[in-house]
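>>> Below are the sequence and a predicted model for it; my questions follow.
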Amino acid sequence: MPIERPNVSQLQQLAGELHLQISESEAAEYLALMQPNLDAYDLIDGLSDEVPTVKYPREKGYRPEGEENPLNAWYYKSEVQGAQQGVLVGKTVVLKDNISLAEVPMMNGASSLEGHVPAFDATVVTRLLDAGATILGKATCEHFCLSGGSHTSDPAPVHNPWRKGHSAGGSSSGSAALVAAGEVDMAIGCDQGGSIRIPSAFCGTYGMKPTHGLVPYTGIMPIEATIDHAGPITANVKDNALMLEVMAGADGLDPRQYISRGGSYTAELDKGVRGLKIGVVTEGFQLPNLQPQLAEKVRNAVARLESLGALVGEVSVPGHQLAAALWSPIGCEGLTMQMMHGNGMGFNWEGLYDVPLLDKHAGWRDSADTLSPSLKICMLIGQFGLKHYNGRYYAKAQNLARRARADYDRAFDDFDLLVMPTVPVTAPPLPQPNCSLTEYISKAFEMIGNTAALDVTGHPAMSVPCGLVDGLPVGMMLIGRHHAESTIYQAAAAFEASGNWQEM
Ligand SMILES: NC(=O)c1ccccc1
């Protein structure tokens with residue numbers, strides 16, 4: 001199929017957008033000279049796309065309603081049976097709804113994407129199925145994954161299974177809610193500012209944000225490649241480690257995997273914590289909105305690890321606050337370029353692009369006013385930094401991210417793990433649908449003070465449930481050296497085995 005050529009005046013218009021002025025006759029001459037290039041576009045247009053083939057058949061599926069979806073945590077139910085054999089045989093899994101499951105609708109929490117049906121499976125999906133898992137469907141997520149509260153998802157907010165009317169956390173809201181409600185064994189979440197760990201903390205699940213690049217993001221709708229992470233959300237530590245083992249390692253299609261190695265994450269589970277050095281991060285307990293009772297639960301959990309033989313000390317990591325600050329230019333300018341101007345894919349990397357998703361998402365411009373205020377504020381910050389400051393603060397923040405990372409790594413000279421509260425608050429009530437802009441946005445970001453920093457530095461970090469305050473779960477965040485997920489699991493497993501966290 002030939003692509004539609006621009007005419008002379010369209011080419012002049014394009015030139016204008018590039019700050020060029022070309023006369024009509026120049027435009028005509030350029031146009032003639034461009035013909036071989038446009039012939040190349042014709043050739044590409046005539047070819048089929050180069051994408052992975054779908055390996056396992058699936059049901060058409062449906063959108064559960066009413067009693068079948070009391071928390072609004074399901075987006076779609078569609079069963080996919082994986083291989084007959086493998087470490088995940090008998091395990092049920094739900095996918096966050098920014099992860100492609102071929103033939104099953106995906107909307108990433110945003111009405112502007114409604115109607116999109118992916119053509120291929122994300123790498124992590126194929127890996128789980130190859131390991132024998134049974135996928136049950138897609139979990140509701142927040143609007144383009146841009147909220148730590150569960151009130152921004154289209155069509156409806158997700159409720160916390162511990163208390164209806166309260167936030168499930170976000171942005172992997174449905175993922176954690178369905179695991180906590182016992183509807184699935186496992187879920188995949190994604191995390192750019194805390195979106196695996198926040199809902200895990202609010203819902204009392206185990207949520208691991210692995211080292212940046214460990215798990216391929218291929219086939220998952222991104223926010224910004226340098227902070228995109230995918231990882232497991234489960235009801236126990238063993239399942240979490242198993243799931244990570246299956247999902248980790250290079251797929252050759254994701255530029256985030258500049259360092260790519262998988263590993264065995266189940267090997268250390270029974271080792272205990274005797275002699276393990278755990279640093280309590282001073283800055284992690286200095287968030288202005290930290291609830292004292294919640295901090296107390298986390299300190300009690302650390303004392304328990306100490307009683308199990310860990311060597312505990314206090315450590316200051318000034319880079320923690322720096323990293324949290326770096327999230328603003330990196331997250332906001334990065335998502336404005338990649339997710340919005342770049343139609344969800346961006347440019348300048350080799351790998352697997354989802355072309356139909358790109359086309360569909362390019363339509364956000366036609367209904368931009370329906371975007372969530374939590375996304376709008378990030379776009380406004382991002383556009384400001386890009387337009388008024390050439391994106392220089394994004395660039396400088398990427399450089400300073402190495403300083404922040406080195407700061408944590410200095411702490412890891414003395415400690416094997418670092419610990420702090422995952423989030424400063426327990427699950428708050430969901431804001432009312434007609435709440436103010438200020439409330440809507442503050443309820444989306446009030447809890448990311450500790451989590452976002454580790455997206456910037458890339459360190460693995462896991463939320464481990466460690467108690468209840470007024471009947472709502474509290475999460476302790478364990479942070480490890482890059483690629484030391486095993487050490488995190490080792491401590492998490494020892495802690496889990498030491499008693500019922502709901503009684504702590
Ligand atoms: N995608 C995220 O991790 C996120 C979390 C909280 C707020 C904004 C984004």
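Yes, it's here.
>>> burial measure for the residue in the stretch 301-450 of the chain that the ligand sits nearest to, as a count.
Relative to the ligand, the nearest point of the stretch 301-450 of the chain is I448 (4.8 Å; CB to the nearest ligand atom). (Glycine included, C-beta is placed from N, CA and C.) I448 has 24 neighbouring residues, counting by other CB atoms under 10 Å.
>>> Helix, strand, or coil at it?
coil (DSSP: H, G, I helix; E, B strand; the rest coil).
>>> okay but it is in contact with G193, surely?
Yes - applying CB atoms under 8 Å, one finds I448 in contact with G193, separated by 4.9 Å.
>>> shared neighbours, these two?
Here I448 and G193 have G148, W327 as joint contacts, going by CB atoms under 8 Å, 6 or more residues apart in numbering.
>>> Return the distance of the residue of the stretch 301-450 of the chain closest to the ligand relative to L358.
28 Å (CB to CB, to the nearest Å).
>>> likewise E103?
19 Å.
>>> who has more neighbours, those two?
The neighbour comparison of E103 against L358 (other CB under 10 Å) goes to E103, with 18 against 15.
>>> Verify the stated contact: the more buried one with V117.
Yes - between E103 and V117 there is a contact under CB under 8 Å: 6.4 Å.
>>> so how far is stretch 99-110 off the chain centroid?
Mean C-alpha position of stretch 99-110 versus that of the full chain (CA atoms, centre = their mean, to the nearest Å) differs by 15 Å.
>>> do the same with stretch 212-232
7 Å.
>>> Counting neighbours, what do you get for the closest residue to Q81 other than its chain neighbours?
Leaving aside its sequence neighbours, Q81 sits nearest to T134 (CB to CB, 6 or more residues apart in numbering; 5.6 Å). T134: 18 surrounding residues under other CB under 10 Å.
>>> do G275 as well
Using other CB under 10 Å, G275 is surrounded by 10 other residues.
>>> host element of it?
Per DSSP states H and E, G275 falls between elements, in no helix or strand.
>>> next one: L14
Counting by DSSP H and E, L14 is part of helix 8-17.
>>> Does that helix pack against any helices or strands, and if so which?
In terms of contacts (3 or more CB pairs under 8 Å, 6 or more residues apart in numbering; DSSP states H and E), helix 8-17 is packed against helix 24-45.
>>> on that earlier part again, check what contacts the helix holding L14 and list those residues.
So helix 8-17 is contacted by P6, Q21, I22, E24, A27, A28, Y30, L31 (CB under 8 Å, 6+ apart).
>>> quick one: which of the residues you listed has the most company?
Among those, A27 has the most neighbours (other CB under 10 Å), with 20 neighbours.
>>> In the strand or helix carrying F384, which residues have enough neighbours to count as buried?
Using DSSP H and E, F384 sits within helix 373-389. Neighbour-count burial for helix 373-389, counted by 16 or more other CB atoms under 10 Å, picks out P373, S374, L375, K376, I377, C378, M379, I381, G382, Q383, G385, L386.
>>> ok, and the closest non-adjacent residue to the second one?
Spatial nearest neighbour of S374, chain neighbours left out: A444 (3.9 Å); criterion: CB to CB, 6+ apart.
>>> what's the helix or strand for the one you found?
helix 437-445.
>>> got the angle between that helix and helix 373-389?
For helix 437-445 against helix 373-389, the angle by axes from the mean of the first three to the mean of the last three CA atoms, to 10 degrees is 90 degrees.
>>> related to what we said a few turns ago, quick one: the residue of the stretch 301-450 of the chain closest to the ligand from A122, how far?
25 Å.
>>> All the helices of the stretch 201-350 of the chain, in order from the start?
Assigned by DSSP state H, counting those that start in this stretch, the stretch 201-350 of the chain shows helices spanning 237-247, 292-307, 319-327, 334-335.
>>> Then the stretch 351-500 of the chain?
Going by DSSP H, counting those that start in this stretch, the stretch 351-500 of the chain shows helices at 355-362, 373-389, 392-414, 437-445, 451-457, 485-497.
>>> Which residues of the stretch 201-350 of the chain lie near the ligand?
For the stretch 201-350 of the chain, the residues in contact with the ligand (CB under 6 Å from any ligand atom) are I223.
>>> And the residue of the stretch 201-350 of the chain that's closest to the ligand?
Closest contact between the stretch 201-350 of the chain and the ligand, by CB to the nearest ligand atom, is at I223 (5.8 Å).
>>> before we move on, the earlier item: can I get the helices of the stretch 201-350 of the chain in CSV with mean neighbour count and mean pLDDT?
CSV is the format used below for the helices of the stretch 201-350 of the chain (neighbours: other CB atoms under 10 Å; pLDDT from 0 to 100):
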stretch, mean neighbour count, mean pLDDT
helix 237-247, 24, 98
helix 292-307, 17, 98
helix 319-327, 22, 97
helix 334-335, 27, 98
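>>> Identify whichever of those lies nearest to H166.
helix 292-307 (14.6 Å; CB to CB).
>>> coming back round to it: quick check: pLDDT value at the residue of the stretch 301-450 of the chain closest to the ligand.
For I448, the pLDDT comes out at 98.
>>> now do S260
Here the pLDDT value assigned to S260 is 60.
>>> repeat for Q12
Confidence score, pLDDT, at Q12: 98.
>>> And for G263?
G263 carries a pLDDT value of 75.
>>> same deal with N72?
N72 is assigned a predicted lDDT (pLDDT) of 98.
>>> now it, what's its secondary structure?
Going by three-state DSSP: N72 is coil.
>>> so where does the closest residue to it other than its chain neighbours fall, helix or strand?
Excluding the flanking residues, the one nearest N72 by CB to CB, 6+ apart is A156, at 4.5 Å. A156 is part of no helix or strand when elements are defined by DSSP H and E.
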